[in-house]
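1. Prediction below, plus the sequence it came from.
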Amino acid sequence: MKITANKFVAVTYDLNVGEGEERELMERATAEVPLKFIYGTGMMLPAFEDALKGLEVGDSFNFSIAPANAYGEYVEEHVIDLPKNIFEVEGKFDAEMIKEGNTVPMMDSNGNRMNGSVLEVKEDIVVMDFNHPLAGETLHFNGKVIDVHEATAEEIAAMTASADGCGCGCDDCGDGCGEQGHDSCGCGGCH
């Protein structure tokens, strides 16, 4: 059976970023924990789905997705200085959560949820980066199709339930894909 609209698909892959010999492994989906999705339902980056269209169980794939078709270019204006006092809980700065390297769920003035990475904590300011962690990166996928079948109603319900809210709205929050744990490959809303 070929990968076409509304098919349940499971793939294994290595996702590398970088160029030439300077590539770095960012994510791996294994046979034990594959990436599972319903093809053609907006769960994945369109370029990711386009590269898999028509493949069958056992087929291997090796393709790259440019930043313009993945998470966009890195935008310096998405790095913002925020007043440290907005991170206070009951009058005290939350140093456990707000420390360099942590990703913090936040909300903009319009109520949109997003994740910000803490770049630096200064005396009165927290420097946050609201770019997707893979913004500006070319994504290199190398993997294999391990399952393709007609999606059952239960599979469709389970997949759409895990895509609700911030769990897969990567263009807004970079939060990953719920229990699947796959953030990079293009979970729902990540385009």
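-> Received it, and whenever you're ready, just let me know what you need.

2. Grab the longest helix from this protein for me.
-> Using DSSP state H to assign secondary structure, the helix with the most residues in the chain is helix 153-162.

3. now for it, which elements pack on it?
-> strand 35-38 (3 or more CB pairs under 8 Å, 6 or more residues apart in numbering; DSSP states H and E). C-betas here are computed from N, CA, C, even on glycine.

4. residue ranges with poor pLDDT in the chain?
-> Along the chain, the model assigns pLDDT under 70 to residues 162-191.

5. swap the cut-off to 50 and go again
-> Scanning the chain with the threshold set as pLDDT under 50 gives 164-191.

6. what residues are up against the residue of it positioned farthest from its centre?
-> Centroid-distance maximum for the chain: G91 at 33.5 Å, with CA atoms, centre = their mean. Applying CB atoms under 8 Å, 6 or more residues apart in numbering to G91 gives no contacts.

7. Excluding residues flanking it in the chain, which one is nearest A151?
-> Counting by CB to CB, 6 or more residues apart in numbering, A151 lies nearest to F8, which is 4.1 Å off, once chain neighbours are set aside.

8. Pairing partners for the host helix or strand of that neighbour, with directions?
-> Secondary structure assignment for F8, by DSSP states H and E: strand 7-17. Strand 7-17 has its sheet partners listed here by DSSP bridges as strand 24-29 (antiparallel), strand 35-38 (antiparallel), strand 139-150 (antiparallel).

9. tell me the angle of the longest one relative to helix 153-162?
-> With axes from the mean of the first three to the mean of the last three CA atoms, to 10 degrees defining the directions, strand 139-150 sits at 150 degrees from helix 153-162.

10. you'd agree M114 is up against M128?
-> No: M114 lies out of contact with M128 (CB atoms under 8 Å); the separation is 9.9 Å.

11. Need the residues touching each of those two.
-> M106.

12. closest one to A95 among the strands paired with strand 7-17?
-> strand 24-29 (28.4 Å; CB to CB).

13. Now do the closest one: distance to the chain's middle.
-> Mean-position distance between strand 24-29 and its chain equals 12 Å (CA atoms, centre = their mean, to the nearest Å).

14. in it, what's buried?
-> 26-27, 29 (16 or more other CB atoms under 10 Å).

15. do the same with stretch 147-156
-> Buried residues in stretch 147-156 (16+ other CB under 10 Å): 148, 151.

16. can you pull out the strands in the chain?
-> Taking DSSP state E to define them, one finds strands in the chain at 7-17, 24-29, 35-38, 60-65, 79-83, 88-89, 92-93, 103-107, 113-121, 125-129, 139-150.

17. quick one: which of these is nearest D50?
-> So among these, strand 60-65 is nearest, using CB to CB, at 9.0 Å.

18. Need the residues that contact that closest one.
-> Counting by CB under 8 Å, 6+ apart, 11, 13, 45, 47-48, 51-52, 55, 138-145 sit against strand 60-65.

19. right, and out of those, which lies closest to Y74?
-> Among the contacts of strand 60-65, and counting by CB to CB, the member closest to Y74 is T138, at 12.2 Å.
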